[in-house]
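Asks: Structure for this input, please:
(chains A and B)
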Protein chains: 2
Amino acid sequence: MNYFREAINLLEEYIPGEQPEEEGYIKLNTNENPYPPSPLVRERITEVLNQGIISLYPPPLGGKLREKAQEVYGLPLDWIAAGNGSDELLNLLFRLFLDKGDRVAYPFPTYTLYRTLALFQEAEREEIPFPPDFSLPESFFSCSAKLKVVCNPNSPTGTFIPLPQIEKLLSLSSCPVIVDEAYVDFAPCSALSLLREFPNLIILRTLSKSFSLAGLRVGLLFAHPPLVRGVLKIKDSYNVSILSQAGGAAALEDMEHMRKNVEKIKSTREWFSQEMKQLGFLVYPSQANFVMVKKERKDLKFLYEELKKRKILVRYFPQWPDSLRITIGKEEDMSTLLAAVQEIIEG
Amino acid sequence: MNYFREAINLLEEYIPGEQPEEEGYIKLNTNENPYPPSPLVRERITEVLNQGIISLYPPPLGGKLREKAQEVYGLPLDWIAAGNGSDELLNLLFRLFLDKGDRVAYPFPTYTLYRTLALFQEAEREEIPFPPDFSLPESFFSCSAKLKVVCNPNSPTGTFIPLPQIEKLLSLSSCPVIVDEAYVDFAPCSALSLLREFPNLIILRTLSKSFSLAGLRVGLLFAHPPLVRGVLKIKDSYNVSILSQAGGAAALEDMEHMRKNVEKIKSTREWFSQEMKQLGFLVYPSQANFVMVKKERKDLKFLYEELKKRKILVRYFPQWPDSLRITIGKEEDMSTLLAAVQEIIEG
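Replies: The predicted model follows:
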């Protein structure tokens, strides 16, 4: 007996990176931040615990979290929505715009959740291959769709689309365009500066990466008020827990802390990329907190597995077997990884 | 310009109870628990904060929270799913089963979110009026639907369907049946005892009410493994924050604490119900942590508003103007409420 919608039965499952229960792993597989969040996060969460308000429902719209975002990003409150991670916001947006048979377009390869969410809506997918330089594909500008999505910097490649291309995309698209900026704090600039001009732009952010808060599940959405109202209309009433709201707001209060961590990661990224090139890998130019490395016509599964035996986790995607996605961790962890890679490929 | 799906434009918004930002309210409008959660909750959350793991993604399936649920409810792990509140689980279930045009049936009046979720799926709603004694309507047993939902105890009435009726419903229904037991800890018994026998039964629980954890957003789902797998397949990868998992697990570790609070609330409920009858209200027999009170052919909006002026919040539903839903708070708060009601209706 199967009670599910047909679309569910056909759905490819999104398989997230491994979260080992066992300790002692160097975890470079899910783009977490190796540095702790601002100490304010713990302070503010402890304050909420002491206030004894966790028995009450949280502010439905994100309370202080949203107010802090307003200050930090210089947008009015009604241009901002908070989510249970940016995954929830993506989920809501796909449901907001896509009816069965509607088309969603995105350059490919990219964050595999877009495909899952499209299948879930029974939407038609237009997955347009990136050209070799990972600029936006020509046909992406002009294609007709109900929704377009760009992950910028892109996962799993780490490559970055310069703002003029995003601007051109927004000008030429008559549909909403999601710019998923999960990794943008590691990049030179954000599409935020384009927001007021383009009512079809939706920017997604997460506090999981640059703010070191993956465990709290906090995402933010910036868009013109009518789009924000749509998201608020369909989200669960109390979608962000009171502690996540408090922790998220605290992180936004200490931008200095985030920026310092980001600088460390960026410098490790540059050094690590050079080292991997020395070891004979093709390394995509990354503006994120990870790099994609490639060996043309080689299946890197063995490397992934050998590293795992040495308790180092990196990300292997079966659909891109010649590549591995490696999160930028602390310098010492990257050194350990480099030594292991060298040993494995020379062994 | 409107980019939304037509269904979204037509959607009635679910309006949750007010969450006043201002302090000093006696809050009897959203069925929160007036007593604090187990002290273990704070302890365990603090432990997680000290471990410095909030920069990592949480266990995707709920980790210790799910393991504790396994112990407490005596079910294997693969019979359990954890959600970001039971609202998220409801949301997932409606999406799992209902295609456009499919029928969902539930007795009415009930939790208004069911209607919102049905509209969202563009499902056909069969809202079957409860008979005056609030037993299950006859046609609900036999009607054909893709999904049936019973809120038990029911909101907003607080009334309770005895187990034999639920059993009959499960026997006669060829579709999945959600029994939403958000308030069941305040009632004499749960449908959990029927779970092994009925592969179409899905039980929902929340830690928001009896466990005093509304702020943390923790829901649980119990069902046969194939149904649980469906839910896990479509949920966001990391739907429950690491702190909510820790807090939820801690609450389940201290069932004694929950039961003591529940006993206090139940005894306040019985006393308060009698007092309201004395004041001339019809009081529905409640097995929940709230009571619905009614004045035949009266619009109670004035009472709701007068109470609000006195900083007492109760729930007024415009669709049931002759009734108010009143959460059972601490005895002293209920006394304050009773005095205010008396003053208002005599004034």
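Asks: For the lengthiest helix in chain A, what does the pLDDT average out to?
Replies: If you go by DSSP state H, chain A has its longest helix at helix A:255-278. Per-region confidence: helix A:255-278 scores 98 on mean pLDDT.
Asks: same question, stretch A:55-74
Replies: Stretch A:55-74 shows a mean pLDDT of 97.
Asks: Equivalent analysis for stretch A:300-315, please.
Replies: On average, stretch A:300-315 scores 96.
Asks: distance between it and the chain's centre?
Replies: 23 Å (Cα atoms, centre = their mean, to the nearest Å).
Asks: Please apply the same query to stretch A:179-197.
Replies: Relative to its chain's centre, stretch A:179-197 lies at 12 Å (Cα atoms, centre = their mean).
Asks: Please apply the same query to stretch A:82-100.
Replies: 14 Å.
Asks: Tell me the residues on the stretch 51-200 of chain A that lie near chain B, please.
Replies: Residues of the stretch 51-200 of chain A found near chain B (Cβ under 8 Å from any Cβ of the partner chain) are A:52-60, A:63, A:84-85, A:87-88, A:91, A:95-100, A:120, A:146, A:175-176, A:199-200. Every residue, glycine included, has its C-beta placed from N, CA and C.
Asks: Among those, the buried ones, what's the PyMOL command?
Replies: Provided next is the PyMOL selection string for whichever of those are buried by 16 or more other Cβ atoms under 10 Å in any protein chain shown:
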select buried, chain A and resi 53+54+55+56+57+58+59+60+63+84+85+87+88+91+95+96+97+98+99+120+146+175+176+199+200
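Asks: Now residue A:254. Nearest residue, chain neighbours left out?
Replies: residue A:38 (3.7 Å; Cβ to Cβ, 6 or more residues apart in numbering or on different chains).
Asks: Surely the one you found and residue A:249 touch.
Replies: No: using Cβ atoms under 8 Å, residue A:38 is not in contact with residue A:249; the gap is 10.9 Å.
Asks: contacts for the longest helix of chain A?
Replies: Outside helix A:255-278, the residues that touch it by Cβ atoms under 8 Å, 6 or more residues apart in numbering or on different chains are A:33-35, A:37-40, A:72, A:185-186, A:210-212, A:251, A:283, A:285-286, A:289, A:291, A:293, A:326, A:328-331, A:334, A:338, A:341.
Asks: neighbouring strands for whichever helix or strand comes after that helix, and are they parallel or not?
Replies: Downstream of helix A:255-278, the first helix or strand assigned by DSSP states H and E is strand A:282-283. Using DSSP bridges, the strands paired with strand A:282-283 are strand A:290-294 (antiparallel).
Asks: For chain A, just list every one of the helices.
Replies: Under the criterion DSSP H, chain A carries helices at the ranges A:6-10, A:39-51, A:63-73, A:85-97, A:113-120, A:138-142, A:163-172, A:225-234, A:242-253, A:255-278, A:301-309, A:331-346.
Asks: Which stretch among the ones you listed is buried most, on average?
Replies: The highest average neighbour count among those, using mean count of other Cβ atoms under 10 Å in any protein chain shown, belongs to helix A:242-253 at a mean of 27.
Asks: Any residue of that helix touching chain B?
Replies: Yes: residues of helix A:242-253 contacting chain B under Cβ under 8 Å from any Cβ: A:242, A:243, A:244, A:247.
Asks: list the contacts for residue A:53?
Replies: A:242, B:215.
Asks: Recalculate using a threshold of 6 Å.
Replies: With contacts defined as Cβ atoms under 6 Å, 6 or more residues apart in numbering or on different chains, residue A:53 has no neighbours.
Asks: between the residues of helix A:242-253 next to chain B, which is closest to chain B?
Replies: residue A:242 (3.6 Å; Cβ to the nearest Cβ).
Asks: doesn't residue A:59 make contact with that closest one?
Replies: No: counting by Cβ atoms under 6 Å, residue A:242 does not reach residue A:59; the two are 7.9 Å apart.
Asks: Residue A:316 and chain B: what is the separation?
Replies: In this view, residue A:316 and chain B are 17 Å apart by Cβ to the nearest Cβ, to the nearest Å.
Asks: so that residue touches residue A:304, yeah?
Replies: Yes: using Cβ under 6 Å, residue A:316 is in contact with residue A:304, at 3.8 Å.
Asks: what pLDDT does residue A:1 get?
Replies: 54.
Asks: Can you tell me the closest non-neighbouring residue to residue A:134?
Replies: Of all residues not flanking residue A:134 in the chain, residue A:159 sits nearest, at 3.8 Å (Cβ to Cβ, 6+ apart).
Asks: Residue B:166 versus the one you found, what's the distance?
Replies: Separation of residue A:159 from residue B:166 (Cβ to Cβ, to the nearest Å) stands at 55 Å.
Asks: Give me the buried subset of the contacts of helix A:255-278.
Replies: Listed as buried from those are A:33-35, A:37-38, A:40, A:185-186, A:210-212, A:251, A:283, A:286, A:289, A:291, A:293, A:326, A:328-329, A:334, A:338, A:341; burial here means 16+ other Cβ under 10 Å.
Asks: If we ignore the residues flanking it in sequence, what's nearest the residue nearest the centre of chain A?
Replies: Geometric centre of chain A, nearest residue: residue A:182, 3.6 Å, by Cα atoms, centre = their mean. Excluding the flanking residues, the one nearest residue A:182 by Cβ to Cβ, 6+ apart is residue A:206, at 4.7 Å.
Asks: count of neighbours near that neighbour?
Replies: Around residue A:206 there are 24 other residues, counting by other Cβ atoms under 10 Å in any protein chain shown.
Asks: partner residues bridging it?
Replies: Bridge pairing for residue A:206 - DSSP bridges - gives residue A:219.
Asks: Please list all residues in contact with it.
Replies: Shown in contact with residue A:206 (Cβ under 6 Å, 6+ apart): A:86, A:182, A:219.
Asks: Let's see that with 10 Å instead.
Replies: A:83, A:85-87, A:89, A:180-185, A:213-214, A:217-220 (Cβ atoms under 10 Å, 6 or more residues apart in numbering or on different chains).
Asks: Same check on residue A:195?
Replies: Shown in contact with residue A:195 (Cβ under 10 Å, 6+ apart): A:73, A:74, A:75, A:79, A:170, A:179, A:201, A:202, A:203, A:222, A:223, A:224.
Asks: The same query, at a cut-off of 6 Å, please.
Replies: So residue A:195 contacts A:201, A:222 (Cβ under 6 Å, 6+ apart).
Asks: and the closest residue to residue A:110 other than its chain neighbours, how many neighbours?
Replies: Of all residues not flanking residue A:110 in the chain, residue A:151 sits nearest, at 4.9 Å (Cβ to Cβ, 6+ apart). For residue A:151, the count of nearby residues is 25 (other Cβ under 10 Å).
Asks: What of the one 5 residues further on?
Replies: Burial of residue A:156, expressed as a neighbour count using other Cβ under 10 Å, amounts to 24.
Asks: ok, now how distant is it from residue A:277?
Replies: For residue A:156, the distance to residue A:277 - Cβ to Cβ - is 18 Å.
Asks: re the thing from before, do you know how far the residue nearest to residue A:110 is from residue A:327?
Replies: Distance from residue A:151 to residue A:327, by Cβ to Cβ: 16 Å.
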